[in-house]
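Colleague: I would like to see how this sequence folds:
(2 chains)
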Amino acid sequence: MLSCDNRVQDTTDDGRVIVRYWEKWTDFEYDAMRAVVDDFNKSQQRIYVEMTQISEPDRKLILATAGGNPPDVAGLWSYNVSSFAEKGALTPLSNRLDAVGINKGQYIPALWDICSHRGEVWALPSTPSTLALHWNRRLFREAGFDPDTPPTSLTQLDEMAEQLTIVEIKRDNETVRVRYTELTDSEKAAKDFRIIQLGFSPHEPGWWKQAWGYWFGADLWDGDRTIEADSPENIEAFEWIAGYTEKYGVKNMLSFGESFGNFSSPQNPFLDERVAMEIQGVWMYNFIEKFSPNLDWAAAPFPSAYPDKLPNVTIVECDVLVIPTGARHPDEAFEFICYVNSQKPMEKLCLGHRKFSAFIEYSDGFVENHPNPFIDVFIELAKSPNGKTTPRTPIWESYEDELIVAADRVYRHIATPRDALAYAQNRSAKAMARNLRVWDATAEARKKEWADQ
Amino acid sequence: MTRGERRKFWTGLAFVSPWVVGFLVFGLYPIVMAAYYSFCNYNVLQDAQFVGLINYQEMLEDDVLWKALYNTLFYAIFSVPLGLIVALLFAVLLNRPIFGRSIFRMLFYVPSIVPLVAIAMIWLWVFNGDVGLLNYALSLIGIDGPNWLADPAWTKPTLILSAIWMVGGAMVLFLAGLQDVPRSLYESAELDGAGAAKQFWHITVPMVSPVIYFNLIMGIIYSIQELVRPYIMLPDGGPDRSGLFFAVYLYQTAFRDLRMGYASAMAMLMFFIILLLTWAVTKLIQSRIYYEGA
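Modeller: Residues are numbered from 1 along each chain as shown, chains lettered A, B, ... in the order given. Here you go, the predicted model:
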């Protein structure tokens, strides 16, 4: 591969080492990191961080690394870590972290875990996130519910969703709008109506349709070598997904889904008040403020199927900072990552993103002064023992793809949950076996190589 | 070879050398390496490991690959002839002495130079099942349109229909071909009492048959390699992978899963399929192509 190494300028005019940093965010999230980078640069005599906004950094990082010209620091997503680490795209950080005394005890445990793979730490968090139920208090009131009392179990959520759903139907040659609960049994069976407002859909926004099993007690893998797509818990979750289109009709749900605008727009169905309840991340507050500031909303843990056994289920993810293999200035890059991972800069960055900090401890007033009125909900969820993380396997992206296809097939009644998941299990288990064949043959050498870095 | 001839040879070679070097470095070398990597386990970042025929064996068991191949061939079988017919029809119409002919020719060609991503985004809205223009138009004549991109039964027809937009390139070649058809042939046919349809079938079609042949071969090659439109319109292959095209699956395998060895084997398969189809089509219609002066 051709490399452009000799063209890279290594130092600034005043002799500071240039650390090239690829940032994935734009808009206010970019501005938040820009402010932290500026603070770092001001505090430094030795290092200067040059931040560049890059779209699709995960794809580009691999090619830049293969070409021998990666940046010194890159911002990725936590689900990239295991795949990139195992392919040899990242520099292990464990030895460096030991040397500066950064350890798991300082972080929300799940966040440290998703930065690790095969016994090594490969990344440090920048901004974390969790998912919660967001609901429209005005629509709750109109449906006769207490706007401050969200559902506490999935069964209750399904029942409330029926009351919150409004459909348009022809009765005696006249088109009328009624709540789903006001339909007669034969009208419900015929499903000859048009959805105007929906209480809830497992496919909206559709970003976690592969992961509903978590709310039923599934784990998706055994944490090591075995894929568990077709576990009874996951099958139960997929039966629940199918239940929604069985109830409201496949075509009706698809047509209603097609009417949605872009997520980041005022036509977002939660923001324009056509969907009453939705699972969303801590970032949703930003979009509410930007596109629908008068929305009367609230957030709480998304209820599980078994609230007594499974309270506070969520998915914990974070943006991460990594040092690619072959970075020209790994020591300086690590110093910058450590700076971001100190309390004040971390809180400044996370406040800029309107998220919570990756650390267990907060500065006084961080939560109280946080603009998101429900930030404590997201923090508690991050610390929950039922805070699930993406399976840390290099095949996750293709496994996730199989689960998404399975969820779609079930939602559209193309396959039964059992068949769809058996198929996903079969393909993903093969992918896992393929990965393990290579890993088992090289594990010892790879681990030694990592330990020496 | 005399000294002068030798000098001319080297001068000629020097003039074509940019193309030769470009072909060797950016054409032949990647093809040869792809052929080699198709026998390897290779993720770009680590050294390629020779694994023999394993990638090809895996391809036989990969039903998503066969589904993607079926989707692509289904698309090619319908979109290529349809595109040819529409392009020839437009060319014949735009070859007639009508008012504003140049404007019409330009208008029909313009879609071919619009960036593919922009076209795909427009089609997404045209084919939207709920608020799409097409379903709105159908509703005016009492038809309840389908969920074009959300219904597995309609994803491939949707992609075929949206390909018609791109017939401008083929149309221009047909127009050029039609200019070469001597007027005298039509005049003689008219004297013999042949109507417009007979003239089209017995004069126009045979006379532009080399252009039909060229457009057919190029159409097959492009349609089997079709990537951008399906990738933008159905990024994950659509419902039940009903719109997953071979090139999209190849791209996912190579750049998302970083299985470059397997993706190279897929590329080899694609190469041989195109080769086979081109050979078969040539064999099938070679005797029916009329080359004037040949």
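Colleague: burial measure for A:F366, as a count.
Modeller: A count of neighbours around A:F366, defined by other CB atoms under 10 Å in any protein chain shown, yields 18. No exception for glycine: its C-beta is placed from N, CA and C like everyone else's.
Colleague: Distance of it relative to B:L124?
Modeller: 42 Å (CB to CB, to the nearest Å).
Colleague: just A:V37 next, same as before
Modeller: On the measure of CB to CB, A:V37 and B:L124 end up 37 Å apart.
Colleague: Looking only at neighbour counts, state which of those two leads.
Modeller: Applying other CB under 10 Å to A:V37 and B:L124 shows that A:V37 carries more neighbours, namely 22 against 17.
Colleague: Where does that one sit: helix, strand or coil?
Modeller: Under DSSP: H, G, I helix; E, B strand; the rest coil, A:V37 falls in the helix class.
Colleague: ok, now which ones touch it?
Modeller: A:Y21, A:V49, A:M51 (CB atoms under 8 Å, 6 or more residues apart in numbering or on different chains).
Colleague: ok, the last one - contacts?
Modeller: By CB under 8 Å, 6+ apart, the residues touching A:M51 are A:Y21, A:E23, A:M33, A:R34, A:V37.
Colleague: Going by neighbour count, which of the residues you listed are buried?
Modeller: A:Y21, A:E23, A:M33, A:V37 (16 or more other CB atoms under 10 Å in any protein chain shown).
Colleague: which residues touch the residue most central in space within chain B?
Modeller: Central residue of chain B (CA atoms, centre = their mean): B:Y222, 2.3 Å from the mean position. Not one residue lies near B:Y222 by CB under 8 Å, 6+ apart.
Colleague: Quickly note the distance from it to B:N71.
Modeller: 16 Å.
Colleague: again with A:D27
Modeller: Counting by CB to CB, the gap from A:D27 to B:N71 is 37 Å.
Colleague: Settle it for me: which of the two has more neighbours?
Modeller: Neighbours of A:D27 and B:N71, each counted by other CB under 10 Å, are more numerous for B:N71; the result is 25 against 11.
Colleague: close enough to count as contact, that one and B:S242?
Modeller: Yes: checked against CB atoms under 8 Å, the pair B:N71 and B:S242 is within contact range at 6.9 Å.
Colleague: so where is chain B shaky, pLDDT-wise?
Modeller: B:293-294 (pLDDT under 70).
Colleague: if we can go back for a sec, go through the contacts of A:V37 and flag which are in strands.
Modeller: When DSSP state E defines the strands, the subset of these inside them is A:Y21, A:V49, A:M51.
Colleague: Pipe those residues into TSV and attach distance to B:D47 and pLDDT per row.
Modeller: Shown next, in TSV, are the ones in strands among the contacts of A:V37 (distance: CB to CB, whole Å; pLDDT from 0 to 100):
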residue	distance to B:D47	pLDDT
A:Y21	29	97
A:V49	33	97
A:M51	33	96
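Colleague: Tell me the one of those residues nearest chain B?
Modeller: Nearest to chain B out of the ones in strands among the contacts of A:V37 is A:Y21 (CB to the nearest CB; 20.7 Å).
Colleague: Does the closest one touch A:Y48 like I think?
Modeller: No: counting by CB under 8 Å, A:Y21 stays clear of A:Y48, with 10.4 Å between them.
Colleague: Disregarding residues adjacent in the polypeptide, which is nearest to A:E236?
Modeller: Spatial nearest neighbour of A:E236, chain neighbours left out: A:F216 (4.9 Å); criterion: CB to CB, 6 or more residues apart in numbering or on different chains.
Colleague: check contacts around the one you found.
Modeller: Applying CB under 8 Å, 6+ apart, the residues near A:F216 are A:E233, A:N234, A:E236, A:A237, A:W240, A:S304, A:A305, A:Y306, A:L310.
Colleague: repeat that with 10 Å
Modeller: Taking CB atoms under 10 Å, 6 or more residues apart in numbering or on different chains, we find A:F216 in contact with A:154, A:231-240, A:304-306, A:310, A:313.
Colleague: What subset of those is buried?
Modeller: Neighbour-count burial (16+ other CB under 10 Å) is assigned, among those, to A:154, A:231, A:233-238, A:240, A:304-306, A:310, A:313.
Colleague: does A:N372 sit in a helix, a strand or a coil?
Modeller: Under three-state DSSP, A:N372 falls in the coil class.
Colleague: ok, the residue lying closest to it once chain neighbours are set aside to A:F302 distance?
Modeller: Spatially, and ignoring its direct neighbours in sequence, A:N372 is nearest to A:Y285 (4.2 Å; CB to CB, 6+ apart). Distance from A:Y285 to A:F302, counting by CB to CB: 16 Å.
Colleague: ditto for A:W135
Modeller: 10 Å.
Colleague: Which one of the contacts of A:F216 is nearest to A:K448?
Modeller: Of all those, A:S231 has the smallest distance to A:K448: 35.2 Å, by CB to CB.
Colleague: which non-adjacent residue is nearest that closest one?
Modeller: A:A218 (5.2 Å).
Colleague: helix/strand/coil for the one you found?
Modeller: Following three-state DSSP, we place A:A218 in the coil state.
Colleague: wait, what's in contact with it?
Modeller: Counting by CB under 10 Å, 6+ apart, A:A218 has contacts A:211-212, A:228-238, A:388.
Colleague: mind running it again at 7 Å?
Modeller: Counting by CB atoms under 7 Å, 6 or more residues apart in numbering or on different chains, A:A218 makes contact with A:E228, A:S231, A:E233, A:N234, A:A237.
Colleague: Where does A:K170 sit: helix, strand or coil?
Modeller: Going by three-state DSSP: A:K170 is strand.
Colleague: tell me the strands in the stretch 51-200 of chain A, going along the chain?
Modeller: A:73-77, A:116-117, A:120-121, A:124-129, A:131-136, A:166-171, A:174-179, A:194-197 (DSSP state E, counting those that start in this stretch).
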